[in-house]
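>>> show me the folded form of this:
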Amino acid sequence: FVAEVEADPARKAFFHFVAGFVDLRLTSRGGSFVSRTMELYCSISNVVPEHPVLSPVSGCVFERRLIEKFVAETGNDPVNSQPLTAEQLIDIKTSPTVRPRPPSATSIPAILKLLQDEWDAEMLHSFTLRQQLQTARQELSHALYQHDTACRVIARLTKEVTAAREALATLKSQAGYIHPAPSAAAPAVATLPADGVVAPDEAMDEGAVGPTEMTEEVIERLQETASKLTAERKKRGKKAPEGLASVEELSSYRQTSSHPGLHSASVPGILSLSVNERMGRVVTGGADKSVVVFERDTEQVVCTLKGHTKRVTSVIYHTDKNVVFSASPDSTIRIWTVANNQCSHVIQAHNGPVTGLSLQATGDYLLSCSADQYWAFSDITTGRVLAKVTDPSINDELSCAQFHPDGLLFGTGSKDSVVKIWDLKEKANVANFPGHSGSITDIAFSENGYFLATAADDSTVKLWDLRKLENFRTIQLENRYEVKSLSFDASGNYLAVGGTDIRLYHCKKTWNQVAAFSDHSGPVTGVAFGKNASYVVSASMDRHLKFYSAP
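Predicted coordinates for the structure are as follows:
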């Protein structure tokens, strides 16, 4: 083929002409052709044609649609003006090409238009996102409202169920009994009698059963118990009981366990504490209106008792029975049977918040005091109030109460800074201990029967000798130190002070401090000793129940 082309001058000229535009070079390399392609450009538009054709007249490449239109109008080749028809055009086969995007940002107006288009697109997208966000917010708000409504309904139903259970427990305790009609000889009075003693029927919970007053039988039993306890105390003398922890052991005590989950975290705070040494159990009262019984050995909650409508400020664990007492600002005292988690009695002895409880030495009677300035003496077996007494000299709320170990005397503290000693049999105030300059926060009698410890908002703990009726020592604490709880151990050898922290004192002539614990992050509201002072337990507003013993 090469030889034929070389031999024919016309064909040779044509192929050389075409090669100038398509870069097709014919060479003879061992009888083979080598080709190289490059881009073609239309001789009219000077752009890469989509459908390239070759004019045999001028040898130029054209876009088919442009050359056909030109030929139809003129009948000539646009390069050399020679006659040319559409049938003479030769198609050039090339690989398909993608037309380049025409330049659009070649001027400032074009650039501004592009920026405006981009801005409009971004704003539309932002508007769509804002609409979606608003819809999501509305859906979330609706879901939260439904959740809040459901929580309120559940809380109301829970409260109604609790009230129904309390009413059922009260009806069970009253079943089969008839409330005796008031005696005509002792009509109820609306004003305070001159001696400060209120008729028992005025203080009784309606429907309660049992004795209506402190009968001779009750007084005789109190006296027998007091005489027996006094004789036992004299027999023991001043000898420390066997197994009592020594001062050195108390000095080595450290926190051994901490339990934060007894009461609700939504209303934090443990307000009171009591220990049953025989069972190794602790009962606590919380700001969440519940009473919790905790076992030290297993470190487990035995039960949670609910029924009070306000926070629980005082609790007592019976020394010999599996029974718990609790008091609250809801003006009620509740007696709980731990075995079946039921409230056996609700004592309504007061017309104001109940601020203090103390169990009488017989284990059958309960002392309570209230912000209504009265103290009351109740039978725990029947739930009957046997006595309710105040004194004309009381000018403020009673804040705490505690029985003497013998059970015939007891003390009360009030917000007017006075501690009063009362004779239970006579229902009379027999001694007063002034000296504090703030509200009395707690009082505690020593097991030896001679000492009384009192604390107040004046950052002091005063120790009183009941034989001489005088203050023989004052423990002055740091300024603004809060004292919330006082407790002697069962032997009367140690005194625990709880408040800003916990401090233990040795009850000897010097009353030296032997240990201090600052593990709580809130005020300590209750502190007590275990059996033979082998451990110390405390409760605090930080919701923790902590135990301290030798490491």
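
>>> what ranges do the helices span in this structure?
Secondary structure of the chain by DSSP state H: the helices cover 2-7, 9-22, 64-74, 108-174, 200-203, 216-236, 247-251.

>>> mean pLDDT, distance to residue 348 and mean neighbour count for those - can I get that in JSON lines?
Every residue, glycine included, has its C-beta placed from N, CA and C. As requested, those are exported to JSON lines (pLDDT from 0 to 100; distance: least, Cβ to Cβ, whole Å; neighbours: other Cβ atoms under 10 Å):
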{"stretch": "helix 2-7", "mean pLDDT": "62", "distance to residue 348": "128", "mean neighbour count": "11"}
{"stretch": "helix 9-22", "mean pLDDT": "53", "distance to residue 348": "115", "mean neighbour count": "13"}
{"stretch": "helix 64-74", "mean pLDDT": "91", "distance to residue 348": "108", "mean neighbour count": "15"}
{"stretch": "helix 108-174", "mean pLDDT": "86", "distance to residue 348": "10", "mean neighbour count": "11"}
{"stretch": "helix 200-203", "mean pLDDT": "42", "distance to residue 348": "8", "mean neighbour count": "19"}
{"stretch": "helix 216-236", "mean pLDDT": "86", "distance to residue 348": "21", "mean neighbour count": "14"}
{"stretch": "helix 247-251", "mean pLDDT": "90", "distance to residue 348": "42", "mean neighbour count": "15"}
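
>>> of those, which is nearest residue 542?
helix 247-251 (23.4 Å; Cβ to Cβ).

>>> for that closest one, packing partners?
strand 502-506, strand 513-517 (3 or more Cβ pairs under 8 Å, 6 or more residues apart in numbering; DSSP states H and E).

>>> returning to that earlier point: how about the helices of the chain in JSON lines, adding distance to residue 264?
Listed next are the helices of the chain as JSON lines, based on distance: least, Cβ to Cβ, whole Å:
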{"stretch": "helix 2-7", "distance to residue 264": "104"}
{"stretch": "helix 9-22", "distance to residue 264": "92"}
{"stretch": "helix 64-74", "distance to residue 264": "87"}
{"stretch": "helix 108-174", "distance to residue 264": "13"}
{"stretch": "helix 200-203", "distance to residue 264": "32"}
{"stretch": "helix 216-236", "distance to residue 264": "39"}
{"stretch": "helix 247-251", "distance to residue 264": "33"}
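
>>> of the ones you listed, which is nearest residue 409?
The closest of these to residue 409 is helix 216-236. By Cβ to Cβ, the value is 8.9 Å.

>>> residues contacting residue 243?
For residue 243, the contacting residues are 532, 534, by Cβ atoms under 8 Å, 6 or more residues apart in numbering.

>>> again with residue 305
Applying Cβ under 8 Å, 6+ apart to residue 305 gives the contacts 290-293, 324, 326, 334, 336, 338, 341, 343.

>>> against residue 63, how distant is it?
Residue 305 sits 99 Å away from residue 63, going by Cβ to Cβ, to the nearest Å.

>>> what does residue 266 give?
Residue 266 is 83 Å from residue 63, by Cβ to Cβ.

>>> cool, residue 498 as well?
Separation of residue 498 from residue 63 (Cβ to Cβ) stands at 103 Å.

>>> between the two, which one's more packed in?
A direct count of neighbours by other Cβ atoms under 10 Å for residue 498 and residue 63 places residue 498 higher, at 28 against 21.

>>> OK, contacts around the more buried one?
Listed by Cβ under 8 Å, 6+ apart, the contact partners of residue 498 are 483-487, 524-527, 538.

>>> just the ones in strands from those residues, please.
Members of the contacts of residue 498 lying in strands (criterion: DSSP state E): 483-487, 524-527, 538.

>>> out of those residues, who's nearest residue 244?
Nearest member of the ones in strands among the contacts of residue 498 to residue 244, counting by Cβ to Cβ, is residue 487, at 15.5 Å.

>>> my read: that closest one touches residue 528, true?
Yes - with contact defined as Cβ atoms under 8 Å, residue 487 reaches residue 528; the gap is 4.9 Å.

>>> overlap in contacts of these two?
Common contact partners of residue 487 and residue 528 (Cβ under 8 Å, 6+ apart): residue 496.

>>> how far away is residue 547 from residue 282?
Distance, residue 547 to residue 282, using Cβ to Cβ: 9 Å.

>>> tell me the residues that contact both of those two, please.
Listed as contacting both residue 547 and residue 282 by Cβ under 8 Å, 6+ apart are 296, 537.
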